[in-house]
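Engineer: everything below, folded, please.
(one chain, ligands or ions: 1)
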Amino acid sequence: MPLCLEQAQERDAADPLRSLRARFAMPRAENGEPFIYLCGHSLGLMPLAARAEVAAALDDWEHLAVLGHERARQPWITYHDAIAGPTAQLLGCRADEIAVMNSLSVNLQLMLASFYRPAGRRRCILIEAGAFPSDRYAAATHLQWHGLEPRETLIELAPRPGEDCVREADIEALLAHRGEDIALVLWPGVQYLTGQAFDLARIARAAHGAGALVGFDLAHSVGNMPLPLRALAADFAVWCSYKYLNAGPGATGGCFVHRRHFSSPRPRLAGWWGHELVTRFEMPQHFRAAHGAAGFQVSNQPVLAAAPLVASLRLFREAGVQRLREKSLALTAFFELLIAERVPEARLITPREPDARGAQLSLRIGADVERARRIFQRLGAHGAVCDWREPDIIRAAPAPLYNGYADVFNFVARLEEAVRSA
Ligand SMILES: Cc1ncc(COP(=O)(O)O)c(C=O)c1O
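Structural biologist: Residues are numbered from 1 along each chain as shown. Prediction:
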């Protein structure tokens, strides 16, 4: 018997996290119907509490002006500490290994300035061939910054012919073969296009075994799956907060610096906010880094941009990362099953093993790209929000904080209808 809407609704009724959905704003289509929103991998929904959090920051600004640095409800001087703690819980590391700041690409540039130090033969950066453009641009421009030619020093590892995903074994083999040339491995936690979740501990081990440093782009991992960052032993990591973290468009991102680098003489691109707090306002000439990742901060905290993150992190604490992952595994498996039943024409490029993916499924529909594009457009016209990535990939992700089984069912029903009529 194929799955039906009633079964999806029964699962929703039994979901211990179901009440969290009401804590988010669900946008509506022009006809007043709520969207079927499976786009948290791109931009998460707004936690309703975000408005109050931003309003409180505005109130403090209105009533305290400069005095808010010390007297705001969450004083602005130490605002960072209030976000670093809960973020660290989510990422499985120590709070002093986290700096919540800037956007992902800016943090990546800063981290590369510190951690990409070509020396002698060890000059190359290893990335994946399908890396997110910003990661590729950052790696290539750092090579150029050091006077190197990316064509010779940017190693891009592609999936095997006929495959969509890169195998960890191939990363290991490449590092075993060319390890002495590689200064840094830059790898995503979850691949933005395919939704593949990598075994990051394995990649970190292989990189370190070859004598290279390793940094992770966790844009699609943070808030999507539990991250034992500390156990991974990565040298650094960067992320944004507007996807599964639901902190709003362009929200403050973050970075992780492993504690073994806290007191290393590694250079950094410094700014006054990374100076140790006790003497920061004495305006000293010489930079003395604050302890830990906080010493990599550059500017003072954009409180209005960070406030929604405070609201969102509270919801994560309430839900619990492990419980969210359990729901996510079940929800995405349900999604996969429904697609197989109702849209057999769709081909998943996301791995089928639950450990090798997060919430997102990426699909290709048929060989006719224009028809696939029409299917995607029809989905949008019928209130189902997901996204399209060139050349022919539809990405959709049920986010366990606010999506349920009925959302997934209704989405696949729209997809089936769109495929039939396209
Ligand atoms: C994998 C990945 N890396 C980097 C970025 C760039 O993020 P930002 O614009 O916040 O710098 C994104 C944005 O979607 C992304 O998906």
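Engineer: can I get the CA coordinates of the lowest-mean-pLDDT helix or strand in the chain in PDB?
Structural biologist: When the helices and strands of the chain are scored by mean pLDDT, DSSP states H and E, helix 229-232 comes last with a mean of 83. C-alpha atoms of helix 229-232 as PDB (Å, rounded to 0.1, in the frame of the first residue of the first chain):
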ATOM      1  CA  LEU A 229      33.900  19.400  16.100                       C
ATOM      2  CA  ARG A 230      36.300  18.800  18.900                       C
ATOM      3  CA  ALA A 231      36.600  15.100  18.100                       C
ATOM      4  CA  LEU A 232      37.200  15.900  14.500                       C
END
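Engineer: now the next helix or strand after that helix, how far from the centre of its chain.
Structural biologist: Using DSSP states H and E, the helix or strand that follows helix 229-232 in sequence is strand 236-239. Using C-alpha atoms, centre = their mean, to the nearest Å, the mean C-alpha position of strand 236-239 is found 9 Å from that of the whole chain.
Engineer: what's the average pLDDT for strand 236-239?
Structural biologist: Averaging pLDDT along strand 236-239 gives 98.
Engineer: strands paired with that strand, and their directions?
Structural biologist: strand 213-217 (parallel), strand 254-257 (antiparallel) (DSSP bridges).
Engineer: relative to the ligand, which of these is closest?
Structural biologist: Nearest to the ligand among the strands paired with strand 236-239 is strand 213-217; the distance by C-beta to the nearest ligand atom comes to 4.9 Å. All C-beta atoms are positioned from the backbone trio N, CA, C, and that covers glycine.
Engineer: now what about that closest one, what contacts it?
Structural biologist: 104, 108, 111-112, 115-116, 132, 135, 183-189, 200, 203-204, 207-208, 232, 234-239 (C-beta atoms under 8 Å, 6 or more residues apart in numbering).
Engineer: by contact count, what packs against the least confident helix or strand of the chain?
Structural biologist: If you count contacts as 3 or more C-beta pairs under 8 Å, 6 or more residues apart in numbering; DSSP states H and E, helix 229-232 packs onto helix 200-209.
Engineer: between the helix it packs on and strand 213-217, how many degrees?
Structural biologist: Interaxial angle, helix 200-209 versus strand 213-217 (axes from the mean of the first three to the mean of the last three C-alpha atoms, to 10 degrees): 150 degrees.
Engineer: contacts for helix 200-209 next, please.
Structural biologist: 126, 168, 171-172, 175-176, 179, 182, 185, 187, 189, 213-214, 216, 228, 231-234.
Engineer: about what we covered before: what about the ligand: which of the contacts of strand 213-217 touch it?
Structural biologist: When contact is defined as C-beta under 6 Å from any ligand atom, the contacts of strand 213-217 meet the ligand at 104, 132, 135, 188.
Engineer: inside strands: which ones of those?
Structural biologist: P188 (DSSP state E).
Engineer: turn the ones next to the ligand among the contacts of strand 213-217 into JSON lines, columns for neighbour count and pLDDT.
Structural biologist: Output for those, formatted as JSON lines (neighbours: other C-beta atoms under 10 Å; pLDDT from 0 to 100):
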{"residue": "L104", "neighbour count": "24", "pLDDT": "98"}
{"residue": "F132", "neighbour count": "20", "pLDDT": "98"}
{"residue": "D135", "neighbour count": "24", "pLDDT": "98"}
{"residue": "P188", "neighbour count": "25", "pLDDT": "98"}
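Engineer: and which of the ones next to the ligand among the contacts of strand 213-217 is nearest to G274?
Structural biologist: L104 (18.2 Å; C-beta to C-beta).
Engineer: in the stretch 251-400 of the chain, what residue lies closest to the ligand?
Structural biologist: G253 (5.8 Å).
Engineer: how close does that residue sit to L324?
Structural biologist: Relative to L324, G253 is positioned 20 Å away (C-beta to C-beta, to the nearest Å).
Engineer: can you check S312 too?
Structural biologist: 13 Å.
Engineer: the two - which one has more neighbours?
Structural biologist: The neighbour comparison of S312 against L324 (other C-beta atoms under 10 Å) goes to S312, with 30 against 24.
Engineer: in space, what's closest to the more buried one - neighbours in sequence excluded?
Structural biologist: N246 (4.5 Å; C-beta to C-beta, 6 or more residues apart in numbering).
Engineer: is the one you found in a helix, a strand, or coil?
Structural biologist: Using DSSP: H, G, I helix; E, B strand; the rest coil, the structure places N246 in coil.
Engineer: if I read this right, it contacts L45, doesn't it?
Structural biologist: Yes - between N246 and L45 there is a contact under C-beta atoms under 8 Å: 6.0 Å.
Engineer: of the two, who's got more company?
Structural biologist: The residue with more neighbours, out of N246 and L45, is N246; 27 against 23, by other C-beta under 10 Å.
Engineer: what about the more buried one, distance to A65?
Structural biologist: Counting by C-beta to C-beta, the gap from N246 to A65 is 30 Å.
Engineer: the ligand contacts on the stretch 101-250 of the chain?
Structural biologist: So far as C-beta under 6 Å from any ligand atom goes, the stretch 101-250 of the chain lies against the ligand at 103-105, 132, 134-135, 188, 192, 217, 219-220, 240.
Engineer: oh, I was asking about the stretch 251-400 of the chain
Structural biologist: G253.
Engineer: so R378 makes contact with A418?
Structural biologist: Yes - R378 is within contact range of A418, at 3.9 Å (criterion: C-beta under 8 Å).
Engineer: tell me which of the two has more neighbours.
Structural biologist: Neighbours per residue (other C-beta under 10 Å) separate R378 from A418, with A418 holding more: 21 against 18.
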